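>>> predicted model follows, preceded by the sequence.
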Amino acid sequence: EDQVTQSPEALRLQEGESSSLNCSYTVSGLRGLFWYRQDPGKGPEFLFTLYSAGEEKEKERLKATLTKKESFLHITAPKPEDSATYLCAVQAGDYKLSFGAGTTVTVRA
Amino acid sequence: GAVVSQHPSRVICKSGTSVKIECRSLDFQATTMFWYRQFPKQSLMLMATSNEGSKATYEQGVEKDKFLINHASLTLSTLTVTSAHPEDSSFYICSARAPIGEAQYFGPGTRLTVL
């Protein structure tokens, strides 16, 4: 069974204080690893798809990386508007997504 | 691009009534859509996979007679919660699989409250 573990559960940052979120996974036949951002009361917003170890993707202050066992989401010089829950999900052969519990990031001005 | 809408965004109903939630892909055709449920402070749990023109596939533990799914066109899937009870109160979110690549794009969610 696919397993996705995210750490930490919560992260409180000062504006400008860079940090990283971790997503560890076990899956048979990884088709893709996905990062989403979710604001309270909203649906998840797509950020990145990573397909193979060594791959990196960037979007504004966010950078996602992938190894064979885990993925990191780096937040560089965060701003208060980066406050959200960040979800990691893996997809195996049947296109279903298995989600981690998420990391709730709070950035203080 | 890749916009998914849901309607309604919020619904309050009495116990025993049925509620229909619509999920539309606005700018792409989606042969596969997914329905999730999310409880407070928890992650998304997949309920079922909806394939256009065929029966939905339900996850273990999800009652298919209670949660009716119809995927009548390439841009519309509906979830009907039949004979709703307070324990069905939750945040229901749909997603649509993009035609190119592997990403799923999510709707804004529907908050269901059953009194």
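That came in fine, so what should we check first?
>>> excluding its backbone neighbours, what's nearest B:Ile12?
Spatially, and ignoring its direct neighbours in sequence, B:Ile12 is nearest to B:Thr113 (4.6 Å; CB to CB, 6 or more residues apart in numbering or on different chains). (C-beta placed from N, C-alpha, C; glycine too.)
>>> so what's the one you found up against?
Contact analysis of B:Thr113 by CB atoms under 8 Å, 6 or more residues apart in numbering or on different chains lists B:Arg10, B:Val11, B:Ile12, B:Cys13, B:Ser89.
>>> so is it in a helix, a strand, or just coil?
On the three-state scheme (DSSP: H, G, I helix; E, B strand; the rest coil), B:Thr113 is labelled strand.
>>> show me what the worst-scoring helix or strand of chain A on mean pLDDT packs onto, helices and strands only.
Lowest mean confidence among the helices and strands of chain A (mean pLDDT, DSSP states H and E): strand A:97-99, at a mean of 92. When contacts are defined as 3 or more CB pairs under 8 Å, 6 or more residues apart in numbering or on different chains; DSSP states H and E, strand A:97-99 packs onto strand A:3-7, strand A:84-91.
>>> other SSEs contacting the helix or strand following the first one?
Under the assignment DSSP states H and E, the closest C-terminal helix or strand after strand A:3-7 is strand A:10-14. Applying 3+ CB pairs under 8 Å, 6+ apart, one finds that strand A:10-14 makes contact with strand A:19-26, strand A:103-108.
>>> show me what counts as buried in the last one.
Burial within strand A:103-108, assessed by neighbour count using 16 or more other CB atoms under 10 Å in any protein chain shown, is assigned to A:Thr103, A:Thr104, A:Val105, A:Val107.
>>> which of these lies closest to chain B?
Distance to chain B, by CB to the nearest CB, is smallest for A:Thr104 among the buried residues of strand A:103-108, at 8.9 Å.
>>> and the nearest residue to B:Arg97 once chain neighbours are set aside, how far from B:Gln104?
Excluding its sequence neighbours, the residue lying closest to B:Arg97 (CB to CB, 6+ apart) is B:Thr32, at 4.5 Å. Distance, B:Thr32 to B:Gln104, using CB to CB, to the nearest Å: 9 Å.
>>> could you do A:Cys23 as well?
Counting by CB to CB, the gap from A:Cys23 to B:Gln104 is 17 Å.
>>> do A:Gly29 as well
Applying CB to CB, the value for A:Gly29 to B:Gln104 is 18 Å.
>>> the more surrounded of the two?
Remark: of A:Gly29 and B:Gln104, B:Gln104 carries more neighbours, 28 against 9, as counted by other CB atoms under 10 Å in any protein chain shown.
>>> look up phi and psi at the nearest residue to that one once chain neighbours are set aside.
Spatial nearest neighbour of B:Gln104, chain neighbours left out: B:Ser95 (4.1 Å); criterion: CB to CB, 6+ apart. Main-chain dihedrals, B:Ser95, degrees, to the nearest 10: phi -140, psi 160.
>>> so B:Ser95 bridges to which residues?
Here B:Ser95 sits in beta bridges with B:Phe34, B:Phe106, going by DSSP bridges.
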